[in-house]
Structure formats: C-alpha cells, structure tokens
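> Provided below for reference: sequence and predicted model.
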Amino acid sequence: MHRIRKAVLPVAGLGTRFLPATKAMPKEMLTVVDRPVIQHAVQEALASGIEQLIFVTGRGKTAIEDHFDHAFELEATLAARGKDDALQTVEATNFPPGTIAYVRQQEPLGLGHAVWCARKVIGDEPFAVLLPDDIILGSDPCLGQLLKVYEGLDSDGANLIGVEAIEPDMTRKFGILDIDHWHDDGTSFTARGIVEKPEPERAPSNMAVFGRYILDPSVLKHLDRQERGAGGEIQLTDAIDASIQEGVQTLGHLCEGQRFDCGSKEGFVLANVAYALQDSAIGPNLRPAIKALVEEKD
C-alpha cells in the first residue's frame, strides 16, 4: 500500500448557519475553546502522520492563511515581554514552507468539486480528506485510526471511510454505505456501494459517512466528469460509488471518539462544552457553573 502523505481540507463554504458571525470571518476560524475549528483538523492530520495539507479555499478565507503563517510583530512582542508560553502557542501554528498548499474553489459546486479542485496537487497517489466541521474528541486521532486500518489492507488500492451508526430517520442528511459484510474485528466492513442522502425507506443501512476519508486516486477520474448529483452538486459520494462499481475495495470503519458537527450551532456549542470540561485550567470551575445553570433553567 502507498503511504498517505497528503490531506485535502475543503474550507470554501460560506458558513451561512453562523451569520452574522461569519459575515467577515470564515466559519473555520470560529473557536472551540481557544483553537479555531480548522486548527483542530490540522493538528489531527499532522498527529496522524500527514506531511502536506491542501486547503481548498474561496473568497474571504485569507484569515485561514494568515493564521497558519508567521506573525512577526506578535511573536517579537511576546518574546520581548517574556511571554514564553504564549509565544510557543503562536509558533505552534507556523509550519515549514510547502507544508500547506492553497487552491481556490471558484464556484460552490459541492464537496466532490472541492476535492477535484485539488487534483493537481494530489497527483496520482492515495490521499486523505478531512472535513473541518467534524471534530472528534478522543484519545487517538480519528484519521490515525483509519490509517492503521488502511496500512493493514492487502489491496493495491482502496477507499476507507469513517462512519457512525445513526437513527434511520437521519439518513437523508448523510451519505450512507451499503454493507457487503462485516469484518471479524466488528469495527470495519466492506461496502458494495454508497448513496448520498437517501430517504429512510431507500437507505441501504444506517452506517453514515462523516468527514474522514482515505481515497484511491481513481476517485478523481470520476470527479473529472463533473456530473451533478443530489442537490444539483458534484458529490464526492457519487465518485466513490463509481470507483466501488469498478472494483476498488471500499471499507467503512467505526472510529473511537465522540464526533461533534461544528457546522451546526448545536454541535458547535456542545464541542465547546466538551473541550472546555476536559481543559485542566478551566474545566474544574466550569463543571459546577454549568450544573448550576442547568438546574436554574429546570
């Protein structure tokens, strides 16, 4: 199996659910406690061994580029004032040249189109995709868990997708995998197809795709066709399904950890609460404060 070196992070969305906060700021820069949503995804990718990050951006996203660049005046000021801890925090967002590449998605034509926009940087090698809206709180990076499974496969090419079990009436919000058979470990299965946002009565299972993928480069060939799917958009799930039908081994894997959908207000707030409670500096004081608020409302 080829080693996975590159990860695509689509960040071109408008973030309309969070208006007016996202009128002048990318939704990916909204913070979960003290780190922007995008930084959680970046740190997960790097902790999993990814060497190059490919950001698919759009208009108004320059704050993301600035965040992962040197802030010379800030760093010099912190150094001069002896604020070493703050300086280390800032320097942790700086990466060597070439670690991050930026490409533009000039039209909002769907997730598949966003991934396709990165095709020249991806090249002809397998790659990962991380959707920053999904933050997974756990002891091991979610992408790292997928990579361990991927490295154990005996196929020359494969797709491996993070999944979670959902209630049947939620299928219309997700890509749903059609299960061929479960593996002995009880956490992975081989898929024979994938359907984008099916109605519950037409869903092949309750195994829903979330924002972590390892993909064979053949998926890009199918995205080249620019075919529209659900919602009139170019769907990544359609390209994955086409690769399955051509014989590319495709697996779903249940990752350990708690997923928060930071693309929704509820998920974003819950992520902040969960990460804040595990923070050693503020968690102990927050727990009784949150309990008092809940009891007051009750």
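Arrived safely, thanks for sending.
> which ones are touching the nearest residue to Glu167 once chain neighbours are set aside?
Leaving aside its sequence neighbours, Glu167 sits nearest to Asn206 (C-beta to C-beta, 6 or more residues apart in numbering; 7.2 Å). Any C-beta I mention is one placed from the backbone N, CA and C, and that applies to glycine too. Neighbour list for Asn206: Ala165, Ile166, Glu167, Pro168, Thr171, Ile176 [criterion: C-beta atoms under 8 Å, 6 or more residues apart in numbering].
> flag the least confident of those.
Within the contacts of Asn206, pLDDT reaches its minimum at Pro168, with 91.
> excluding sequence neighbours, find me the nearest residue to that residue.
The spatial neighbour of Pro168 that comes closest, neighbours along the chain excluded (C-beta to C-beta, 6+ apart), is Pro200 at 5.0 Å.
> next: Ala12.
Gly58 (3.4 Å).
> against Cys117, how distant is that neighbour?
10 Å (C-beta to C-beta, to the nearest Å).
> identify the contacts common to those two.
In contact with both Gly58 and Cys117: Arg104, Gln105, using C-beta under 8 Å, 6+ apart.
> and the two? which has more neighbours close in?
Cys117 (23 against 18; other C-beta atoms under 10 Å).
> need the per-residue pLDDT for Tyr150.
93.
> sorry, slip of the keys, the one I care about is Gly58.
So Gly58 comes in at 91 (pLDDT).
> got it, and the one 4 residues further on?
On the pLDDT scale, Thr62 is placed at 92.
> so what's the residue nearest the centre of the chain closest to, chain neighbours aside?
Centroid check for the chain by C-alpha atoms, centre = their mean gives Leu131 as the closest residue, at 2.4 Å. Nearest non-adjacent residue to Leu131, counting by C-beta to C-beta, 6+ apart: Gly211, 2.7 Å away.
> number of residues surrounding the one you found?
Neighbours of Gly211 (other C-beta under 10 Å): 22.
> quick one on the thing from earlier: just the ones of the contacts of Asn206 in strands?
The strands, defined by DSSP state E, take in Ala165, Ile176 from the contacts of Asn206.
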